[in-house]
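Participant: sequence first, then the predicted structure, then my questions.
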Amino acid sequence: MTVQEALIEGQRILKKEGTDSPALDAALLLSQARHTSRERLYMDLAESLTPKQISCFHRSVRRRSSGEPVAWILGFKEFWGRNFVVGPGVLCPRPDSETLVEAALEIMDKSGDSGGTLHDCCCGPGTLAISLACERPHWKLSGSDISVIAAGYFRQNNQRLCDGRVDFTKSDLMEGINGPFDIIISNPPYLTPTETNTRVNPGWKEPALALNGGGEDGLDMIRRLVPRAATRLVRMGSILLEANPLQMSPIRQILSENNFIKMKLYKDMAGRERVIAGCKK
């Protein structure tokens with residue numbers, strides 16, 4: 001079997017299973033099986049695969065067909081120019097979340113060279129907090145998450161990417177974390193229970209704990225987080241939340257009810273309102 005034949009076969013199988021990007025997924029999985037880059041893969045289309053490479057590729061395609069994210073199979077996910085270790089039990093970082101990094105950097109830079117403190121609530125594998133720590137080493141950063149599995153990935157990424165500089169606390173929405181902080185960011189679960197079940201029931205492998213925001217509108221977790229964040233921010237400190245663009249209006253109301261002012265919306269790469277920021281009154 002040649003590289004080209006394997007790509008065609010993998011794409012056909014994954015397309016039949018209804019994956020979102022069968023051609024890309026097949027190329028990434030075959031690149032891993034051959035221990036080469038995707039760019040090099042396309043230069044070697046006529047090359048023959050070894051039995052070991054074929055076996056590895058077929059095994060990966062079966063895992064992807066069962067609903068496992070490609071990032072879990074590869075063992076990493078690229079985000080903000082860095083490879084983050086991920087795997088079963090943790091939510092894979094999405095490109096849309098880079099909007100939250102951009103927004104946080106904008107607000108951090110308003111403090112000049114003096115630095116400050118930033119906390120990432122629901123930090124998962126550390127994608128946001130660690131990216132920001134690498135970009136702004138003069139800031140003191142910390143993260144928290146309720147998931148023990150996420151904590152393990154966080155510690156790996158923290159050590160690999162920024163020498164363990166970011167503090168981690170196992171916590172349910174900042175319980176036991178006092179602050180004060182200049183900035184609190186969060187990409188919390190914000191799907192409704194119905195939306196979560198729609199994904200999980202057909203075999204979606206990512207943890208429901210990281211998806212289900214609770215309540216008919218998916219915002220119960222944000223309703224719990226915002227008042228807690230308010231008590232842990234300095235005066236005129238900022239909160240930044242990532243959510244579904246359709247949720248921005250009710251989140252604005254939640255922030256307003258908790259004495260946040262100067263609201264600002266940030267758009268993702270597709271031009272959708274993805275992040276909302278507010279200042280503590």
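Facilitator: Sure, I can see it. Residues are numbered from 1 along each chain as shown.
Participant: tell me which stretches of the stretch 151-281 of the chain form helices.
Facilitator: Taking DSSP state H, counting those that start in this stretch, the helices of the stretch 151-281 of the chain run over residues 193-200, 220-232, 248-257.
Participant: and the last one, what does it pack onto?
Facilitator: Secondary structure elements in contact with helix 248-257, counted by 3 or more C-beta pairs under 8 Å, 6 or more residues apart in numbering; DSSP states H and E, are helix 220-232, strand 260-267, strand 273-280. Using the backbone N, CA and C atoms, a C-beta is placed for each residue, glycine as well.
Participant: let's see it at 6 Å
Facilitator: Under the contact definition 3 or more C-beta pairs under 6 Å, 6 or more residues apart in numbering; DSSP states H and E, helix 248-257 sits against strand 273-280.
Participant: which phi and psi values does the residue positioned nearest the centre of the chain adopt?
Facilitator: The centre of the chain sits closest to residue 93, judged by C-alpha atoms, centre = their mean, with a distance of 2.7 Å. For residue 93, the backbone dihedrals are phi -60, psi 140 (criterion: degrees, to the nearest 10).
Participant: state the distance from it to residue 248.
Facilitator: 21 Å (C-beta to C-beta, to the nearest Å).
Participant: pretty sure residue 134 belongs to a helix, no?
Facilitator: Yes: the assignment for residue 134 is a helix, going by DSSP: H, G, I helix; E, B strand; the rest coil.
Participant: residue contacts, it?
Facilitator: Contact analysis of residue 134 by C-beta atoms under 6 Å, 6 or more residues apart in numbering lists residue 162.
Participant: ok now the helix or strand of the chain with the lowest mean pLDDT, how far from the chain's centre?
Facilitator: Of all helical and strand segments in the chain, the minimum by mean pLDDT, DSSP states H and E falls on helix 193-200, at a mean of 81. Relative to its chain's centre, helix 193-200 lies at 18 Å (C-alpha atoms, centre = their mean, to the nearest Å).
Participant: let me know the angle separating that helix from helix 220-232.
Facilitator: Here helix 193-200 runs at 110 degrees with respect to helix 220-232, directions being taken by axes from the mean of the first three to the mean of the last three C-alpha atoms, to 10 degrees.
Participant: ok so, going back, quick one: the residue nearest to the centre of the chain and residue 129 touch, right?
Facilitator: No: between residue 93 and residue 129 there is no contact under C-beta atoms under 6 Å: 11.8 Å.
Participant: which residues in the stretch 1-150 of the chain form helices?
Facilitator: In the stretch 1-150 of the chain, helices defined by DSSP H, counting those that start in this stretch lie at 3-16, 22-34, 38-43, 51-65, 70-74, 98-109, 127-135, 148-162, listed in chain order.
Participant: may I see the buried residues of the first one?
Facilitator: The one in question is helix 3-16. 3, 6, 7, 9, 10, 11, 13, 14 (16 or more other C-beta atoms under 10 Å).
Participant: touching that helix from outside, list them.
Facilitator: Applying C-beta under 6 Å, 6+ apart, the contact partners of helix 3-16 are 22, 23, 25, 26, 30, 44, 45, 47, 49, 57, 61.
Participant: kindly recompute the last result at 10 Å.
Facilitator: The contact list for helix 3-16 (C-beta atoms under 10 Å, 6 or more residues apart in numbering) reads 1-2, 19-31, 33-34, 36, 40-49, 53-54, 57-58, 60-62, 64-65, 70.
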